[in-house]
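Student: Fold the following for me, if possible:
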Amino acid sequence: MNKLSLIKLVVVAFIFSLGLTAYSFLPKSEVQSANNSAVSQKEDEDLLNIKNYKKWTKVNDKPHLMDSSVSALCAAPTQAQVDRESKNPHNQKYINVYVNSIGKTEMMTKKSPKFPQGTVIVKEKLSTPDSTSPELLTVMIKREKGFNPENGDWEYMTVNGQLTEVTAKGKLENCQACHALEKSGDYVSRNYLPYNIRQKLK
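Tutor: Down below sits the predicted model:
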């Protein structure tokens with residue numbers, strides 16, 4: 001190594017060490033802000049990825065009636081909402097389900113599916129079978145192996161009906177508790193599959 005190269009290396013190392021030192025002295029709030037920005041960007045990416053979900057494969061042929069107790073779990077309601085819904089004779093909701101191209105084959109043809117990383121499943125929660133705008137969306141995203149091994153490496157996300165805000169995201173307990181019952185189907189309940197498709201699963 002010649003003298004000029006050595007000088008360049010020393011200068012680069014010095015600048016790098018200055019940067020690390022400056023970062024360590026940043027106020028905690030600024031460091032936290034940077035971390036929150038990274039999380040927000042990830043949420044934005046996931047939100048962007050589902051913007052065109054209606055162009056994906058629609059799994060059910062007509063809106064599927066959702067059991068009210070499951071519906072409440074998916075909505076992550078407040079206690080007041082639970083109390084109100086329990087007294088409401090019309091508290092059932094309907095869903096439409098969409099799957100992206102990565103997970104389509106497993107969803108539509110396999111009796112014991114193993115969804116690959118990158119699979120995204122979107123459920124629209126509808127107040128009536130004729131609704132054109134969902135109340136909210138619940139989303140399952142298949143992450144890399146080891147992300148969430150106790151629950152099939154799925155990440156869960158809830159999004160408002162206008163697709164403008166991620167309202168919850170991560171290893172959501174309500175979602176995991178429900179989907180744990182579907183371990184044999186890679187944690188995906190497919191009771192909404194039309195009968196003719198269900199009969200052809202192999």
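
Student: which stretches of this protein aren't confidently modelled?
Tutor: 1-40, 67-91 (pLDDT under 70).

Student: and with 80 instead?
Tutor: 1-43, 67-92 (pLDDT under 80).

Student: That one: helices as residue ranges?
Tutor: 3-24, 28-49, 68-75, 79-86, 104-109, 173-179, 195-198 (DSSP state H).

Student: Gln92: how many residues sit nearby?
Tutor: Neighbour count of Gln92, defined by other CB atoms under 10 Å: 15. Any C-beta I mention is one placed from the backbone N, CA and C, and that applies to glycine too.

Student: leaving aside the residues next to it on the chain, what's closest to Val99?
Tutor: Spatial nearest neighbour of Val99, excluding adjacent residues (CB to CB, 6 or more residues apart in numbering): Met107 at 4.6 Å.

Student: what separates that neighbour from Leu193, distance-wise?
Tutor: To Leu193, Met107 is 8 Å away according to CB to CB, to the nearest Å.

Student: who has more neighbours, those two?
Tutor: Met107 (25 against 19).

Student: check contacts around that one.
Tutor: 57, 59, 99, 113, 115, 121, 188, 190 (CB atoms under 8 Å, 6 or more residues apart in numbering).

Student: One more: Tyr94?
Tutor: 63-66, 125-129, 131.

Student: Lys167: neighbour count?
Tutor: Quick fix: residue 167 reads Thr, not Lys. By other CB under 10 Å, neighbour count at Thr167 equals 12.

Student: Not counting sequence-adjacent ones, nearest residue to it?
Tutor: Per CB to CB, 6+ apart, closest to Thr167 is Thr158, 4.8 Å.

Student: Next, count neighbours for the one you found.
Tutor: 21.

Student: my guess is it contacts Glu135, does it?
Tutor: No: at 10.7 Å, Thr158 does not count as touching Glu135 under the criterion of CB atoms under 8 Å.

Student: who's in contact with Pro129?
Tutor: 62-63, 65, 94.

Student: top of those by neighbour count?
Tutor: Neighbour-wise, these (other CB under 10 Å) top out at Tyr94, 22 neighbours.

Student: For Pro116, see how far away the residue nearest to Thr167 is.
Tutor: 23 Å.

Student: which among the contacts of Tyr94 end up buried?
Tutor: 63-64, 66, 125-126, 131 (16 or more other CB atoms under 10 Å).

Student: could those be laid out in JSON lines, adding distance to Lys171?
Tutor: Compiled in JSON lines, the buried ones among the contacts of Tyr94 are given as follows (distance: CB to CB, whole Å):
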{"residue": "Pro63", "distance to Lys171": "28"}
{"residue": "His64", "distance to Lys171": "25"}
{"residue": "Met66", "distance to Lys171": "22"}
{"residue": "Lys125", "distance to Lys171": "20"}
{"residue": "Leu126", "distance to Lys171": "26"}
{"residue": "Ser131", "distance to Lys171": "29"}
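
Student: Closest one of these to Ile141?
Tutor: Of all the buried ones among the contacts of Tyr94, Ile141 sits closest to Lys125, with 17.4 Å by CB to CB.
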